[in-house]
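In: Got a predicted model here, sequence first, then my questions.
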Number of protein chains: 2
Amino acid sequence: MTKPGYPTIDDVARAANVSTATISRAINTPSKVAKPTRERIEALIQEMGYTPNHWSRVLASKRSNTIGAIIPTMANSMFASGLQAFQERLAESDMTMLVASTGYDSESEWHQIRALIAQGVDGLLLIGESRTPEAQDFLKTRAIPYVISWSYRSGTDLIFAGFDNYQAAANMATTVLDMGHRHIGILGGVSTDNDRARERINGFKDTIDAFGDGAKVTGVIEAGYSLTDGGDAFADIMRHAPQTTAIVCGNDVLAAGAIVRANQQNVKVPCEVSITGFDDIDLSRVVQPTLTTVQVPQIAMGRAAAELLLTQLSDTKPALSVEVPTQIIRRHSLAAPAAGYRSKS
Amino acid sequence: MTKPGYPTIDDVARAANVSTATISRAINTPSKVAKPTRERIEALIQEMGYTPNHWSRVLASKRSNTIGAIIPTMANSMFASGLQAFQERLAESDMTMLVASTGYDSESEWHQIRALIAQGVDGLLLIGESRTPEAQDFLKTRAIPYVISWSYRSGTDLIFAGFDNYQAAANMATTVLDMGHRHIGILGGVSTDNDRARERINGFKDTIDAFGDGAKVTGVIEAGYSLTDGGDAFADIMRHAPQTTAIVCGNDVLAAGAIVRANQQNVKVPCEVSITGFDDIDLSRVVQPTLTTVQVPQIAMGRAAAELLLTQLSDTKPALSVEVPTQIIRRHSLAAPAAGYRSKS
DNA sequence: TAATCGAATGTAAGCTGTTACATTGAATGG
DNA sequence: CCATTCAATGTAACAGCTTACATTCGATTA
């Protein structure tokens, strides 16, 4: 970061024949500087190619203009595009983003939180609500502004920019039930350290259980993060509960894995068994049959999260959680159960 | 970043009855502090919960311990997992990563480079070689350490941690030719501002042109970044050059798009037309038929890039470019051309 | 006209470390 | 025993900006 010979605020001050304070004000609070002076300074800044040293600024102002984002993984387009939107919105306000990933592990998240705070970030973006008690305490006592994304819950003082996983899952379950399915398997992500996965599973489960008319959950499996995991879980469900006519999945990767496996095993989707996903990533448009899934407005969510963090930092008005809407995208992996299978119920 | 009441180096110095210089040395160059003193200081640091303020450190030492990564997009697992590996390696050496994305636009990249450097990053990770002349000049005159990933070229003083796109593409083309295909279409990414896309296309092209035995390129199309773009381009090629028996694609998204479209149009893959991809992302295992593609060792690449940056910064030994190997993954979208089609040639 | 005010600007004390240079004192060598 | 050296530590000058407080001076008010 050595910038040999690059002008400092002192150089500009000398050239403009004012004090450094005036330069600083001309930059940060222009209204406090008389117009002619300000214009002279601005011209000089241009001419000399002055850029304030970021770090000194941080040190002096006690604001780093940096926020940290801690996400489970980058290796999944699902978080990536939300994150990108988040970053872009921050950049518009001259803030920068530090990223860290946890591999879906709360201990690791706790470690990253400490690291980022030690670095002096002004705020944090966190995914979901599951974190270690230590982390929660820490966030509270240090009073670090943060927003939680990918989840939403009302009735707390936490600030969310996300959606209601439970409700979205419930809606999907309803859609599946409405098509006539009564024996439904649930294939979710691992719910340890992951409230989103848990909420989705519960949303599915509660809705099916409450539906009546003979609707029941034929099995609940939590699987890992790969296509293969999805495939294996699919095979499991079908082995133990062959009467299953639909499987609702906690994410698209698992769903796609399930479909691929079904194809291999010559189980016809959706004729014999319907499969639904969650997230609407690219995969869902490529897999055969294409996947009926829940679309999550990632870009909107990312921007909203950034916006909330920004208002928290400028503390003019209180930041209010925002809930973004999800939507069911109908494709071909969901259909009414075949009569033969249905009659079994 | 307000840490009210958190101890500073002064507090520790006072408690240990030494000067701040000694504390600083105990932390940064322990060998220069007598053992008993050092141990006393270390204990005190523990006890008081002292963490050096990152930013003052930066200001005083003129090293930010931060490096910037500028990638085309985050919304693609292709860069994401390499990036994650990069970040993890940096974290091991107590460095942090700032990310920015360009949307595949050089002007935007140039802007991001300036922004990150103004922020005082110690080094940069850049993708590929295409950048504006201004950016190149800037990097040279400022002498910022940087490494280029996702590309590799020998015979320059640039430092790479990547692979040879041209050669990898050429290998794929050879594989396709060896299976007997003679009329081959090329479906690449947009090559403006993108040397990787360009190299891949050239690698395909040159290899086919040079092969002899009647091998020829039936068309070259550059398409955008979506599945649909791939599908449209596929349709185009098949319309204008129906004798085509294989299409080599510059990335998996385009290839998957092509396959999906082929399925819709009832063109049998691979019987009527073979399709190959590049990158080996998840999609390639899900699409039907599964995609024969070029696998890129992203994790290794990311770590290598971090390693190179780190050695450049510690400037003990010179950093030498590393080339990672790519590999062709054979799946089902590539087969020998059907006799009927082949005889046409 | 003197008192009051407020806009524009200056002064200088931070912010929290790092590090070149200075000092001390004990060990080593001739 | 004196000169030299070196390890351990201290002193204090930065790094480059922000900002509370002080100053100046022309305009307003009673």
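Out: Good, I have the coordinates.
In: For the rest of this, base every contact and every neighbour count on C-alpha atoms.
Out: Fine.
In: where in chain A is pLDDT low?
Out: When residues are selected by pLDDT under 70, those of chain A lie in A:1-5, A:315-316, A:339-345.
In: Now do the strands in it.
Out: Using DSSP state E, the strands of chain A run over residues A:66-71, A:96-101, A:123-127, A:146-149, A:160-162, A:183-189, A:216-223, A:246-249, A:274-276, A:293-295, A:322-323, A:327-329.
In: can you put those strands in CSV and add distance to residue A:17 and mean neighbour count?
Out: Formatted as CSV, these follow (distance: least, CA to CA, whole Å; neighbours: other CA atoms under 10 Å in any protein chain shown):
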stretch, distance to residue A:17, mean neighbour count
strand A:66-71, 33, 24
strand A:96-101, 33, 23
strand A:123-127, 38, 25
strand A:146-149, 42, 25
strand A:160-162, 48, 29
strand A:183-189, 64, 28
strand A:216-223, 68, 20
strand A:246-249, 68, 31
strand A:274-276, 69, 31
strand A:293-295, 59, 24
strand A:322-323, 49, 19
strand A:327-329, 61, 18
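In: Distance to residue B:303 for those - can I get that in CSV?
Out: Formatted as CSV, the strands of chain A follow (distance: least, CA to CA, whole Å):
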stretch, distance to residue B:303
strand A:66-71, 19
strand A:96-101, 15
strand A:123-127, 25
strand A:146-149, 29
strand A:160-162, 33
strand A:183-189, 28
strand A:216-223, 28
strand A:246-249, 34
strand A:274-276, 36
strand A:293-295, 33
strand A:322-323, 38
strand A:327-329, 38
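In: For residue A:19, find the nearest of those.
Out: strand A:66-71 (28.2 Å; CA to CA).
In: Give the partner strands of the closest one in its sheet and their orientations.
Out: Strand A:66-71 has its sheet partners listed here by DSSP bridges as strand A:96-101 (parallel), strand A:123-127 (parallel).
In: Now distance to residue B:300 too, for these, in TSV please.
Out: Formatted as TSV, the strands paired with strand A:66-71 follow (distance: least, CA to CA, whole Å):
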stretch	distance to residue B:300
strand A:96-101	18
strand A:123-127	27
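In: can you list those strands in JSON lines and add distance to DNA strand C?
Out: Listed next are the strands paired with strand A:66-71 as JSON lines, based on distance: least, CA to the nearest atom of the strand, whole Å:
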{"stretch": "strand A:96-101", "distance to DNA strand C": "20"}
{"stretch": "strand A:123-127", "distance to DNA strand C": "18"}
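In: What's the separation between residue A:329 and residue B:86?
Out: From residue A:329 across to residue B:86, the span is 35 Å (CA to CA, to the nearest Å).
In: do the same with residue A:207
Out: Taken as CA to CA, the span from residue A:207 to residue B:86 is 43 Å.
In: Likewise for residue A:175?
Out: Taking CA to CA, one finds residue A:175 at 42 Å from residue B:86.
In: which one of these two has more residues nearby?
Out: Neighbours per residue (other CA atoms under 10 Å in any protein chain shown) separate residue A:175 from residue B:86, with residue B:86 holding more: 24 against 15.
In: ok, the residue lying closest to that one once chain neighbours are set aside - contacts?
Out: Nearest residue to residue B:86, sequence neighbours excluded (CA to CA, 6 or more residues apart in numbering or on different chains): residue B:302, at 4.3 Å. Taking CA atoms under 8 Å, 6 or more residues apart in numbering or on different chains, we find residue B:302 in contact with B:82-87, B:149, B:161.
In: and residue A:214, what are its phi and psi?
Out: phi 80, psi 10 (degrees, to the nearest 10).
In: Residue A:299 and residue A:80 touch, don't they?
Out: No - between residue A:299 and residue A:80 there is no contact under CA atoms under 8 Å: 9.7 Å.
In: Spatially, what comes nearest to residue A:280 if we skip its sequence neighbours?
Out: Closest to residue A:280 by CA to CA, 6+ apart is residue A:295, at 4.9 Å.
In: From what I see, residue A:289 and residue A:333 are in contact.
Out: Yes - contact criterion CA under 8 Å: residue A:289 and residue A:333 qualify, at 5.4 Å.
In: more crowded one of those two?
Out: Higher neighbour count among residue A:289 and residue A:333: residue A:333, with 26 against 23, using other CA under 10 Å.
In: what sits against that one?
Out: A:269-270, A:274-276, A:289-292.
In: Roughly how far does it sit from residue B:149?
Out: Separation of residue A:333 from residue B:149 (CA to CA): 39 Å.
In: Residue A:159 now?
Out: 38 Å.
In: what about the residue nearest to residue A:241 when sequence neighbours are not counted, distance to DNA strand C?
Out: Distances taken as CA to CA, 6+ apart put residue A:218 closest to residue A:241, at 6.1 Å, once the chain neighbours are dropped. Residue A:218 is 58 Å from DNA strand C, where distance means CA to the nearest atom of the strand, to the nearest Å.
In: you'd agree residue A:218 is up against residue A:185?
Out: Yes - applying CA under 8 Å as the test, residue A:218 and residue A:185 come out as touching, 5.0 Å apart.
In: any shared contact partners between these two?
Out: Joint contacts of residue A:218 and residue A:185 (CA under 8 Å, 6+ apart) are A:237, A:244.
In: Return the residues of the stretch 51-200 of chain A in contact with DNA strand C.
Out: A:56, A:59-60 (CA under 7 Å from any atom of the strand).
In: returning to what we had before: look up which residues are beta-bridged to the residue nearest to residue A:280.
Out: residue A:279, residue A:327.
In: Pretty sure it sits against residue A:327.
Out: Yes - look at residue A:295 against residue A:327 with CA under 8 Å: they come within range, at 5.1 Å.
In: Show me which residues of stretch A:226-235 are buried.
Out: A:227-231, A:233-235 (16 or more other CA atoms under 10 Å in any protein chain shown).
In: what's near enough to touch residue A:311?
Out: Residue A:311 makes contact with A:317-319, according to CA under 8 Å, 6+ apart.
In: Could you do residue A:121 as well?
Out: A:64-68, B:1.
In: Max pairwise distance over those: which two?
Out: Greatest spatial distance in the contacts of residue A:121: A:68 and B:1, 11.8 Å, computed using CA to CA.
In: Mind listing the shared neighbours of these two?
Out: What both residue A:68 and residue B:1 touch, as defined by CA under 8 Å, 6+ apart, is the set A:121-122.
In: how about the CA coordinates for stretch A:197-213, as PDB?
Out: What follows is stretch A:197-213, C-alpha atoms only, in PDB (Å, rounded to 0.1, in the frame of the first residue of the first chain):
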ATOM      1  CA  ALA A 197     -33.400 -26.300   6.500                       C
ATOM      2  CA  ARG A 198     -35.300 -26.900   9.700                       C
ATOM      3  CA  GLU A 199     -38.000 -24.400   9.000                       C
ATOM      4  CA  ARG A 200     -38.500 -25.800   5.600                       C
ATOM      5  CA  ILE A 201     -38.800 -29.300   6.800                       C
ATOM      6  CA  ASN A 202     -41.300 -28.200   9.500                       C
ATOM      7  CA  GLY A 203     -43.200 -26.200   7.000                       C
ATOM      8  CA  PHE A 204     -43.600 -29.300   4.900                       C
ATOM      9  CA  LYS A 205     -44.400 -31.600   7.800                       C
ATOM     10  CA  ASP A 206     -46.900 -29.500   9.600                       C
ATOM     11  CA  THR A 207     -48.800 -28.700   6.500                       C
ATOM     12  CA  ILE A 208     -49.100 -32.300   5.400                       C
ATOM     13  CA  ASP A 209     -50.000 -33.500   8.900                       C
ATOM     14  CA  ALA A 210     -52.600 -30.900   9.300                       C
ATOM     15  CA  PHE A 211     -54.200 -31.400   5.900                       C
ATOM     16  CA  GLY A 212     -56.400 -34.400   6.700                       C
ATOM     17  CA  ASP A 213     -58.000 -36.500   4.000                       C
END
